[in-house]
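J.: Sequence first, then the predicted structure, then my questions.
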Amino acid sequence: MSERTGTGDAADDVADLGYEQARDELVEVVRRLEAGGGTLEESLALWERGEALAARCEQWLDGARRRLDAAIAAGDADDTVEDDTVAGDGAPRED
């Protein structure tokens, strides 16, 4: 894992991270904060980095939720069309 934590702005490169990368780095930030031993300044930088990483993870999860909702809605729309055009036995309806 790279040592990005504590250098520069907390959100410098977070926008470029994939979900797994952001999550793994967030786990490391939490571990370091829980271990303590750093200065107040270091702890604040870690906290800010953790906040940015958590927000990035949330963005990924929100996007995944939107994609799932869209796929489910598209599937429901397909089912509705099928219900209107197919008899109960799966054969086309003869109107």
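T.: Perfect, I can see it now.

J.: Could you name the specific helix or strand carrying residue 62?
T.: Element membership of residue 62 [criterion: DSSP states H and E] is helix 40-85.

J.: what's that helix packed up against?
T.: The contact analysis (3 or more C-beta pairs under 8 Å, 6 or more residues apart in numbering; DSSP states H and E) places helix 40-85 against helix 19-35. (Each C-beta comes from the backbone N, C-alpha and C, glycine too.)

J.: Hey, what's the angle from the worst-scoring helix or strand of the chain on mean pLDDT to helix 19-35? Just curious.
T.: One helix or strand of the chain scores below all others by mean pLDDT, DSSP states H and E: helix 40-85, with a mean of 89. Helix 40-85 and helix 19-35 are oriented at 140 degrees to each other (axes from the mean of the first three to the mean of the last three C-alpha atoms, to 10 degrees).

J.: how much distance is there from helix 40-85 to the middle of the chain?
T.: Its chain's C-alpha centre and that of helix 40-85 lie 5 Å apart, by C-alpha atoms, centre = their mean, to the nearest Å.

J.: Is residue 26 in contact with residue 57, as I believe?
T.: Yes: under the criterion of C-beta atoms under 8 Å, residue 26 makes contact with residue 57 at 6.5 Å.

J.: what's the neighbour count on residue 16?
T.: Residues contacting residue 16 under the criterion other C-beta atoms under 10 Å number 9.

J.: With residue 36 instead?
T.: Residue 36 has 7 neighbours, counted by other C-beta under 10 Å.

J.: Let me know the distance separating the nearest residue to residue 32 once chain neighbours are set aside from residue 76.
T.: In space, and not counting its chain neighbours, residue 32 is closest to residue 46: 5.8 Å by C-beta to C-beta, 6 or more residues apart in numbering. Separation of residue 46 from residue 76 (C-beta to C-beta, to the nearest Å) stands at 44 Å.
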